[in-house]
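In: what's the 3D shape of this:
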Amino acid sequence: MKKQYKKLGQNVAAITIGNFSSKILSFLIVPVYTAVLTTQEYGIVDTISTTISLLYPFFTLLVAEAELRFALDKNEEQAQIFSVGFWITILGFLVMLLFSPVYFLFEGLKGYYIYFLLYYFTTTMQSALTYFIRGIERVRLFALNGFLVTFVYLLLNILFLLVFKIGIHGYFLALILSNFFGIFFIWGAAKLHHYLIPPKNLDRTLMKQMFHYSIPMIPNSISWWISTSADKYIIIFFHGYALSGVYATSQKIPSLFAMIGTIFMGAWQISAVEDFGSEESHLFYSDIYRKYSSLNIVVVSAFICGTQLLSWILFSADYYQGWVYTPVLLYSYLFHALAGFLGTIYTSAKETKFLFGSAVAAALANIVLNFLLIPNFGAMGAAWATLISYFVMWLIRLIDSKRFIRLDINLKKDIFSYVLILLQMGLLYLQTLPAYIGVFAVFCFLAFLHREIIIGTLCLVLDRLHAARS
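Out: From the prediction side, this is the model:
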């Protein structure tokens with residue numbers, strides 16, 4: 001098992017180098033967006049991004065997910081796996097083009113059609129390439145690509161938004177051009193042309209197996225999208241693009257917290273597959289879940305402490321009011337992260353169809369709650385709907401995943417921590433000095449309660465820094 005921990009640690013370290021730097025840089029550009037783009041424009045930007053997230057599983061069949069999983073099986077033909085993913089992504093884009101005129105039905109978005117098409121293509125192609133290189137365990141290249149793409153993206157943002165001052169058009173150009181840079185960089189650095197096979201030579205049996213894995217994940221992906229993004233359309237319907245833009249901005253701080261999950265899950269998806277189902281994997285999964293849960297609890301509490309300060313630093317006056325949604329969204333991302341971890345049990349077992357039930361239940365809860373809460377409570381109603389839907393998904397997967405692997409976790413300790421975070425959020429909204437002291441006191445208590453993971457994480461970081469120096 002020591003070998004598994006070492007490999008997981010190495011992958012986490014490599015992905016952290018790329019992702020942490022890129023996420024931090026992206027986070028620091030937020031003040032530029034809130035200063036340059038109006039709340040209406042930011043609402044449009046977020047709506048297009050959200051729409052592409054919805055279309056992605058339909059027109060790619062989530063074949064990138066299959067690339068990652070099948071490439072990890074060393075007995076599979078890597079060139080065939082990559083080629084299936086590449087050509088399905090190209091075909092999906094062409095099919096999407098046939099349906100794309102529907103885009104013009106949406107008022108306020110008509111002037112950004114070409115950006116929409118290019119954004120979709122570069123996003124899906126990036127996924128096809130990066131998932132494959134993770135599958136063949138080129139983790140350092142994956143991390144380097146993440147850093148370089150973000151660096152180019154930030155340079156172009158500065159150029160287009162601050163120098164040329166072309167507003168929302170500059171935002172889209174920076175995004176699309178940096179994605180193209182990433183595509184060409186990955187293609188050249190990984191020499192992916194050596195893996196590409198003409199469509200007529202594709203292994204039809206392997207293609208069916210990959211589709212058997214990926215297609216059942218489409219309902220799960222759509223349900224995730226509903227839980228994550230459908231609220232924005234309902235906000236737009238009842239309250240307009242401006243509030244949607246403020247709400248989207250309020251998600252920036254939670255997205256920095258979600259970076260922890262992104263980094264970890266990028267490495268965990270590789271390690272989770274090894275010896276799945278064995279007694280050793282049972283112990284490994286249980287230990288990692290306990291540590292991952294504790295780390296997320298402490299980090300969420302820390303971010304709640306700093307919500308108002310971070311919002312004051314990052315957001316202009318028109319966006320600052322969005323800080324009130326951030327604590328609820330931070331809390332919801334805690335259950336999002338844990339549900340995502342439990343989802344890897346199904347993908348490792350290649351039983352992706354069982355993801356469907358939990359995802360649909362969460363999506364239905366989210367839609368019903370959005371229509372009940374958003375008309376009267378605006379974006380705050382959307383935030384609470386998101387929290388409840390993620391909690392539902394986590395709870396169902398926690399119970400259902402026992403069919404594949406039984407996790408030994410300290411559920412009482414976790415539930416006690418969840419209650420304390422709710423108390424911390426309530427104190428924050430009081431906005432008085434004694435309440436702020438109470439907010440910090442809750443964080444300190446949670447840090448003490450989960451001190452083992454904090455000490456362990458610090459020791460791991462120090463060990464890595466020491467190894468890097470020597």
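In: going forward, measure contacts and count neighbours with C-alpha atoms only.
Out: OK.
In: Could you point out which residue ranges in the stretch 201-350 of the chain have low pLDDT?
Out: Across the stretch 201-350 of the chain, the ranges flagged by pLDDT under 70 are 259-279, 281.
In: where exactly do the strands run in it?
Out: Applying DSSP state E, counting those that start in this stretch to the stretch 201-350 of the chain gives no strands.
In: ok, now which ones touch residue 235?
Out: Taking CA atoms under 8 Å, 6 or more residues apart in numbering, we find residue 235 in contact with 241, 243-244, 374, 378-379, 382.
In: can you redo the residues you listed as a markdown table with distance to residue 301 and neighbour count?
Out: Below are these laid out as a markdown table (distance: CA to CA, whole Å; neighbours: other CA atoms under 10 Å):
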| residue | distance to residue 301 | neighbour count |
| --- | --- | --- |
| 241 | 30 | 24 |
| 243 | 26 | 22 |
| 244 | 26 | 28 |
| 374 | 26 | 23 |
| 378 | 25 | 20 |
| 379 | 22 | 27 |
| 382 | 21 | 31 |
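In: Of those residues, just say which sits nearest to residue 289.
Out: Distance to residue 289, by CA to CA, is smallest for residue 382 among the contacts of residue 235, at 28.3 Å.
In: May I ask which helix or strand encompasses that closest one?
Out: Element membership of residue 382, judged by DSSP states H and E, is helix 356-400.
In: now that helix, how far from the chain's geometric center?
Out: Here helix 356-400 shows a centroid-to-chain-centroid distance of 17 Å under the convention CA atoms, centre = their mean, to the nearest Å.
In: Please determine how far residue 37 is located from residue 378.
Out: Distance from residue 37 to residue 378, counting by CA to CA, to the nearest Å: 22 Å.
In: typo on my end, it should be residue 141
Out: Noted for residue 141: a distance of 43 Å to residue 378, by CA to CA.
In: for residue 408, phi and psi?
Out: When read as degrees, to the nearest 10, the backbone of residue 408 gives phi -90, psi 100.
In: since we're on it, how many residues are nearby?
Out: Number of residues near residue 408 (other CA atoms under 10 Å) recorded here: 13.
In: Same check on residue 182?
Out: By other CA under 10 Å, 24 other residues sit near residue 182.
In: do the same with residue 399
Out: So residue 399, with other CA under 10 Å, has 11 neighbours.
In: Provide a list of residues in contact with residue 222.
Out: Residues in contact with residue 222 (CA under 8 Å, 6+ apart) are 54, 57.
In: cool, and residue 369?
Out: The contact partners of residue 369, by CA under 8 Å, 6+ apart, come to 381-382, 385.
In: Quick check: of these, which lies closest to residue 184?
Out: Looking across these and measuring by CA to CA, the closest to residue 184 is residue 382, at 38.6 Å.
In: My guess is that closest one contacts residue 375. True?
Out: No. Using CA atoms under 8 Å, residue 382 is not in contact with residue 375; the gap is 9.7 Å.
In: And residue 331, how far from residue 168?
Out: Using CA to CA, we find residue 331 at a distance of 31 Å from residue 168.
In: Same drill for the two, tell me which one is more crowded.
Out: Neighbours per residue, other CA under 10 Å: of residue 331 and residue 168, the larger number sits with residue 331, 28 against 20.
In: For residue 282, see how far away the more buried one is.
Out: In this view, residue 331 and residue 282 are 28 Å apart by CA to CA.
In: ditto for residue 304
Out: Taking CA to CA, one finds residue 304 at 33 Å from residue 282.
In: and if you look at residue 142?
Out: 28 Å.
In: show me what contacts residue 249?
Out: Taking CA under 8 Å, 6+ apart, we find residue 249 in contact with 319, 322.
In: who are the neighbours in contact with residue 179?
Out: Residues in contact with residue 179 (CA under 8 Å, 6+ apart) are 122-123, 126, 149.
In: Check the secondary structure at it for me.
Out: helix (DSSP: H, G, I helix; E, B strand; the rest coil).
In: isn't residue 46 right next to residue 250, touching?
Out: No. Residue 46 is beyond contact range of residue 250, at 12.0 Å (criterion: CA under 8 Å).
In: ok so, going back, between residue 304 and residue 282, which has more neighbouring residues?
Out: Between residue 304 and residue 282, residue 304 has the larger neighbour count (other CA under 10 Å), namely 26 against 17.
In: With residue 444 as the reference, measure out to that one.
Out: Counting by CA to CA, the gap from residue 304 to residue 444 is 12 Å.
In: Show me where the stretch 1-150 of the chain has its helices.
Out: With DSSP state H, counting those that start in this stretch, the ranges of helices along the stretch 1-150 of the chain come out as 2-28, 30-36, 39-60, 63-72, 78-99, 113-135, 139-157.
In: Show me the one of those helices that comes nearest residue 254.
Out: helix 2-28 (10.8 Å).
In: what about that closest one, average pLDDT?
Out: Average pLDDT, helix 2-28: 59.
In: Stretch 78-97 now?
Out: Here the average pLDDT along stretch 78-97 is 97.
In: got the contact list for that stretch?
Out: 59-60, 63-64, 67, 70-71, 117, 121, 124-125, 128-129, 132, 136, 194-199, 202-203, 206-207.
In: All set now, cheers.
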